[in-house]
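S.K.: Give me the fold of what follows.
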Amino acid sequence: MYAVPLGIDDAELRPLEPSHAEEFLRHMDRGREFIGQYIGLPDVVTDLESSRAHLQGYAEKTANNTGRVYGIWKDRTLVGGVLFRVMDVAQGTAEAGCWLEPSAAGKGLVTAAARVIIDWAVEERGIHRVEWVVSVGNEPSIAVARRLGMTKEGVLRDVYLYRGRRHDMEVWSVLAPEWRKARADREGSAG
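M.R.: Here you go, the predicted structure:
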């Protein structure tokens, strides 16, 4: 197993695997209401069996190179994650996303973790376009898309049926040349 330090509060990014099902369920229980404001993950992961099944689904996506999920650990506790919900290597596209429990919000963990996985996708898998699809009301996630240097492309009206209500979703993206330039600019200003 590998871990990538995120440079914030000793937090690290690691693959989130079926063997983490119990820890993943405890994490969901701690953040269920907060996480569930905009995404259905807490509605899917409700018990140990569903937790294991969800992570197994991503293990299969990893094996098939069609998606991946990573956990964010802070002080050895799973506090959130980032993922490629879908990935199409042949087309060079991927959709990234995130979630956090309340104790980890506002610390820059998602931005740091998303940078790691987007770097990997662009440089190791040849992904040309990374999308970020977010509920119009999810200001923290929209702020992450901005910090990642993504461009807002538009709003998909009433596209996401969630808890009996239709939601508008914003589509943000970054292209590989834009990503590389932003990374070079960050590295140049840090040096």
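S.K.: remind me which residues of this structure are low pLDDT?
M.R.: By pLDDT under 70, the low-scoring segments of the chain are 1, 191.
S.K.: what are the ranges of the helices in it?
M.R.: Using DSSP state H, the helices found in the chain span residues 21-35, 41-44, 48-64, 109-124, 139-147, 176-190.
S.K.: And these: which comes nearest D10?
M.R.: Each of these has some distance to D10 by CB to CB; the shortest is helix 109-124, at 11.2 Å. Glycine gets a C-beta too; all of them are placed from N, C-alpha and C.
S.K.: Now do that closest one: which elements does it pack against?
M.R.: In terms of contacts (3 or more CB pairs under 8 Å, 6 or more residues apart in numbering; DSSP states H and E), helix 109-124 is packed against strand 12-15, strand 68-74, strand 77-88, strand 93-100, strand 129-135, helix 139-147, helix 176-190.
S.K.: Check what contacts it and list those residues.
M.R.: 4, 6-9, 11, 13, 68, 70, 72, 74, 79-84, 87, 94, 96, 98, 100, 127-128, 130, 141, 144, 147-148, 174, 176, 179-180, 183 (CB atoms under 8 Å, 6 or more residues apart in numbering).
S.K.: Filter those down to the buried ones, PyMOL style.
M.R.: Typed into PyMOL, the line below selects the buried ones among those, using 16 or more other CB atoms under 10 Å:
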select buried, resi 4+6+8+11+13+68+70+72+74+79+80+81+82+83+84+87+94+96+98+100+127+128+130+141+144+148+174+176+179+183
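S.K.: Phi, psi for G108 please.
M.R.: Main-chain torsions, G108, degrees, to the nearest 10: phi 90, psi 10.
S.K.: Quick one: neighbours of it, just the number.
M.R.: For G108, the neighbour count with other CB atoms under 10 Å is 15.
S.K.: what's it in contact with, if anything?
M.R.: I8.
S.K.: Surely S135 and G40 touch.
M.R.: No. S135 lies out of contact with G40 (CB atoms under 8 Å); the separation is 11.1 Å.
S.K.: Those two: who's more crowded?
M.R.: S135 (17 against 13).
S.K.: check contacts around the residue nearest to the more buried one when sequence neighbours are not counted.
M.R.: Counting by CB to CB, 6 or more residues apart in numbering, S135 lies nearest to Y38, which is 4.4 Å off, once chain neighbours are set aside. Listed by CB under 8 Å, 6+ apart, the contact set of Y38 reads V134, S135, G137, N138, S141, Y162, H167.
S.K.: hmm, which two among the residues you listed are most spread apart?
M.R.: Taking CB to CB as the measure, the contacts of Y38 span a maximum distance of 14.2 Å, between S141 and Y162.
S.K.: Can you tell me the closest non-neighbouring residue to V136?
M.R.: D168 (4.6 Å).
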